[in-house]
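Trainee: Sequence plus the predicted model coming up.
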Amino acid sequence: MKRILSVFLMLLMLCSLGAAETLTDGTYTGSGAGLNGKITVEVTVDGGKITAVNVLEHQETPTVSDPAFETIPQAIIDAQSTEVDAAAGATFTSKGIMEAVANALSGEEEAEDAGIPFEQADILVLGGGMGGVVTATRAAQLGLNVLLLEQNASLGGSAMVAGGTLLGCGTRMQAEAGITDDPDLCFADFVRLGGAGTFNEELGREFSRISGEAVDWLDDLGADFGDRKPYFGVYQPLNIARNYSGKNGAKAFIAALTAELDKYIGKNAYVSLNTKVTGLLTDADGAVIGAKAVLADGTEKEFLAPATVVATGGYGGNKELLTTYNFTNVLTTSPTCVTGDGYFWLQDLGAALTNMDFCTSYAGGIETNPDNFRDFGYFNTQTGCLWINTAGERTIDEMGADSHDRSETWLRNDQNIVYTVFTREMLDPEKKIFSTGAWGSVTEEFEPYMASLVEKGIGWQADSIEELADMMGVPKDAFVATIQAYNDGCASGNDPFGRKDREIPMENGPFYAVKTIPYVMITSGGPMMTKDCEVVNTDGLVIPGVYMAGEIVGMANVGGLNSIGGMGHGNCLIWGKKAAEVIAERAGK
């Protein structure tokens, strides 16, 4: 099992090298402990001086670790010493490079893991995504003995590929921009956007009350918020500009958090990577007292603590759960590790799940690989096409639909199927139609990509509306009537659904259709909890010893049945920080 090296022992080893002024010429190889595993370097000494430091092998996370690889080798050469400043946001990797160079020059083996630096953990954090890292970092700051278990070889989870929007009310960044905000206005947005009576009002009000303080805390840790300008949201606009973005995504938050957590590693914090938690442990009275896990070498082990925080994320990477609770057909951008394990563990304890039937979906996923629901294409659904259901009918103004309308259309339609139907002249020539890659980052040329969809049987090209209906398998009479009604609306300026933008009749072939289904980025329901992050059972009673933070809390449980910009990362930050503070207070810290 790979564990993070004690900072104290590492610094002791580094200091033993000092200034490298009397080194023997040659080429040396050594390794050190990075965040995700071993870092191996080759060091060249010429004329008694370090002249080159080349990284041969590593398992660090791209972009997060890049600053260390770009600056630390040259810094060592310039200083002729391993005693250099760590790269901002890449402290673990920086120290791993320094250790590797020191070991190469001294002929020492990689330092042994110092092990857990305390006999008894005060808090056990399950999951090293943003929610878990926030919890562990704040708990360590407050003096708790922190043990964080993460199944992957690195920290960050979904945040490493996420957009990085945060929601916070009454922040320093709002004050800098001359914006006045208050918790009542924030809560009013949850009611307006999410729907009164659809969420836990206590959680919504608490989130509104403490969110600004939490964002400021992350700001104090040095998180890079780019231009620092609050904005009104990435979905439906908020009533006040209270969204903020991490520069280059949520990994900016993880970089700041791990740099802070690093200060406590080897003192009162320990991170165990490649550690797969398999369930919670309870005492005779049903209180949670820890968790059981499988280590990287296959060894089973129990970890005990008086307080356990479940921060295992949502279930967006678990197709079985998505089709059980939300969809018939679905695609996902969630990593493979987001499997919803925490839901199963808490259900086993009698936890009450709420709003599980709601899940924010995104429009226009193209199932190009039925064997992998993470490998799919994107159709830009607001470029002029019609949205047709399996009955051959339209249901909405396609061009006027907002994010909530799009989500609901793909979520609620029969089998979650929406056919995008169009001619080339209907589509906006200035916008991309098809894309692939992460978040649709790669634009595809229309003709070859459409041809590939036709070949796969999920796209069709026809010379007539009737022929297109037969190819799609929708009722011909209904479909023909739908297209005629749309064309009549274009001619009269009175579209049946009030469409005003790109009213271009579907008259001149060829006629096209593409079968699309929804994709998810984040799930919305979750176990019930109190405003102190305590998990609640089906009888409304708190389950002792267990708390929650992160995506598992459920956006819908805090802000209602809608996508509210910044709520996802907000649930990680706000509840992770709150859980740590509640546990610390109860422990007398």
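Mentor: That came in fine, so what should we check first? These numbers come from a predicted model, not from an experiment.
Trainee: Burial check on the residue lying closest to His569 once chain neighbours are set aside, number of neighbours?
Mentor: Once flanking residues are discounted, His569 sits nearest to Leu166: 5.0 Å by CB to CB, 6 or more residues apart in numbering. Any C-beta I mention is one placed from the backbone N, CA and C, and that applies to glycine too. The number of residues packed near Leu166 is 29, by other CB atoms under 10 Å.
Trainee: Next: Asp414.
Mentor: Using other CB under 10 Å: Asp414 sits among 10 other residues.
Trainee: What of the one 4 residues further on?
Mentor: The local packing count at Val418 equals 29, with neighbours defined by other CB under 10 Å.
Trainee: and it, what does it touch?
Mentor: Taking CB atoms under 8 Å, 6 or more residues apart in numbering, we find Val418 in contact with 363-364, 381, 387-389, 409-410, 516-517.
Trainee: I'd like the distance between it and Thr381.
Mentor: The gap separating Val418 from Thr381 is 8 Å, by CB to CB, to the nearest Å.
Trainee: same deal with Gly437?
Mentor: 18 Å.
Trainee: out of the two, which sits in the more crowded spot?
Mentor: Thr381 (22 against 11).
Trainee: Got the phi and psi for the more buried one?
Mentor: phi -80, psi -10 (degrees, to the nearest 10).
Trainee: okay but it is in contact with Met399, surely?
Mentor: No. With contact defined as CB atoms under 8 Å, Thr381 does not reach Met399; the gap is 9.8 Å.
Trainee: Tell me how many other residues surround Asn508.
Mentor: Close neighbours of Asn508, defined as other CB under 10 Å, add up to 11.
Trainee: now stretch 57-72: how far from the chain's centre is it?
Mentor: On the basis of CA atoms, centre = their mean, to the nearest Å, stretch 57-72 sits 21 Å off its chain's mean C-alpha point.
Trainee: Now that stretch: buried residues?
Mentor: Under the neighbour-count criterion of 16 or more other CB atoms under 10 Å, stretch 57-72 has 58, 60-61, 64-65, 67-69, 71-72 buried.
Trainee: Could you list the buried residues of stretch 221-237?
Mentor: For stretch 221-237, by 16+ other CB under 10 Å, it's 221, 223-225, 228, 230-231, 233-236.
Trainee: Among the residues you listed, show me the least confident.
Mentor: Least confident of these in the model: Val234, at 83.
Trainee: what about stretch 151-165, start to end distance?
Mentor: With CA to CA, to the nearest Å applied, stretch 151-165 spans 25 Å between its terminal residues.
Trainee: Return the set of buried residues in that stretch.
Mentor: Within stretch 151-165, judged by 16+ other CB under 10 Å, the buried ones are 151-152, 154-165.
Trainee: tell me which of those is nearest to Asn54?
Mentor: Closest to Asn54 out of the buried residues of stretch 151-165 is Ser154 (22.6 Å), distances taken as CB to CB.
Trainee: Hmm, Arg406 is touching Gly365, no?
Mentor: No. Contact criterion CB under 8 Å: Arg406 and Gly365 do not qualify, at 11.7 Å.
Trainee: quick one: which of those two has more around it?
Mentor: Neighbour comparison, Arg406 and Gly365: the larger count goes to Gly365, with 27 against 23 (by other CB under 10 Å).
Trainee: Which pLDDT value goes with that one?
Mentor: Confidence score, pLDDT, at Gly365: 98.
Trainee: Tell me what it is bridged to.
Mentor: Tyr378, Ile517 (DSSP bridges).
Trainee: In the chain, where is pLDDT below threshold?
Mentor: For the chain, the stretches flagged by pLDDT under 70 are 1-21, 35-37, 61-64, 88-89, 108-114.
Trainee: Secondary structure of Gly384: a helix, I assume?
Mentor: No. Gly384 is assigned coil when assessed by DSSP: H, G, I helix; E, B strand; the rest coil, not a helix.
Trainee: Who are the contact partners of it?
Mentor: Here Gly384 is in contact with 399, 422, 426-428, 502, 504 (CB under 8 Å, 6+ apart).
Trainee: What backbone torsions are found at it?
Mentor: Backbone phi and psi, for Gly384 under degrees, to the nearest 10, turn out to be phi 130, psi -10.
Trainee: for the one 5 residues further on, same thing?
Mentor: Note on Asn389: its backbone torsions stand at phi -90, psi -180 [degrees, to the nearest 10].
Trainee: For it, grab the count of nearby residues.
Mentor: Neighbours of Asn389 using other CB under 10 Å come to 19.
Trainee: do the same with Tyr547
Mentor: 28.
Trainee: How about the backbone phi and psi for it?
Mentor: Dihedral angles for Tyr547 - degrees, to the nearest 10 - are phi -130, psi 170.
Trainee: Hmm, it is touching Ala584, no?
Mentor: No. If you go by CB under 8 Å, Tyr547 and Ala584 don't touch, sitting 11.8 Å apart.
Trainee: Since that was my last question, I'll sign off now.
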